[in-house]
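After the sequence you'll find the predicted model.
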Amino acid sequence: MGASLNQRRNKGHYGRRRSSAQMSEINVTPMVDVMLVLLVIFMVTAPLLTVGVEVDLPKTKAGEIQGQDEPLAVSIDKDGNYFVQDTQVELTGLAPLLLEISKNNQDVRIFVRGDENIDYGTVMRVMGVLNQAGFTKVALIARNPDTSKKK
């Protein structure tokens, strides 16, 4: 009878183990890691998506420029002030700042945005400074007439 008592105890022990509820918790650590990485990516890229200098671009029917990397924007406003992204800079400080930002990578794409009311010489001075600094991938930005704002 002693053996059957042990068998009942073991049977009862195994029975409880099988009938216990399975662990149904969700491990949220990988999801939190992914969300934090996405948050950091969006925080870094969001300021780069827009250039805050108000420039009234001239109209053209040229197609859009396709590229994989994020270009630097050099802007010239209607008063003839020069900007790299949102930072105002003198013409003499333009090349050193661009070289510093691009980490001396002269293959970085640079978009030159000039207000339609400035003279051609101002844009050409910027292009000359970029050329002397060794930047070869320079493009002029204009507005598509179909998407332009009505005056």
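That came through fine.

The chain: helices as residue ranges?
If DSSP state H is used as the criterion, the helices of the chain fall at 2-19, 29-45, 91-101, 120-132.

How about the contacts made by residue 112?
Neighbouring residues of residue 112 by C-beta atoms under 8 Å, 6 or more residues apart in numbering: 74-76, 123, 126-127, 130, 138-141. C-beta: built from backbone N, CA, C; applies to glycine.

Among those residues, name the buried ones.
Buried by 16 or more other C-beta atoms under 10 Å: 74-76, 123, 126-127, 130, 138, 140-141, out of the contacts of residue 112.

Could you export these as a markdown table, including pLDDT and distance to residue 104?
Below are the buried ones among the contacts of residue 112 laid out as a markdown table (pLDDT from 0 to 100; distance: C-beta to C-beta, whole Å):
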| residue | pLDDT | distance to residue 104 |
| --- | --- | --- |
| 74 | 90 | 17 |
| 75 | 90 | 22 |
| 76 | 90 | 24 |
| 123 | 88 | 25 |
| 126 | 90 | 20 |
| 127 | 89 | 20 |
| 130 | 90 | 14 |
| 138 | 86 | 16 |
| 140 | 83 | 24 |
| 141 | 81 | 24 |
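
what residues go with each domain of the protein?
Domain ranges of the chain: 2-47, 55-141, per automatic domain parsing.

ranking these by mean pLDDT, which is last?
Here the lowest mean pLDDT among the domains of the chain goes to domain 2-47, at a mean of 70.

Verify the contact between residue 117 and residue 78 for me.
Yes: if you go by C-beta atoms under 8 Å, residue 117 and residue 78 touch, sitting 5.1 Å apart.

picking that back up, and which of the buried ones among the contacts of residue 112 is nearest residue 84?
residue 74 (5.8 Å; C-beta to C-beta).

From residue 131, how far off is the closest one?
Using C-beta to C-beta, to the nearest Å, we find residue 74 at a distance of 13 Å from residue 131.

Now for residue 132, how many residues are close by?
Other residues within reach of residue 132, judged by other C-beta atoms under 10 Å, total 9.

Need the nearest residue in space to it, chain neighbours excluded.
Nearest residue to residue 132 in three dimensions, chain neighbours excluded: residue 95, at 6.9 Å (C-beta to C-beta, 6 or more residues apart in numbering).
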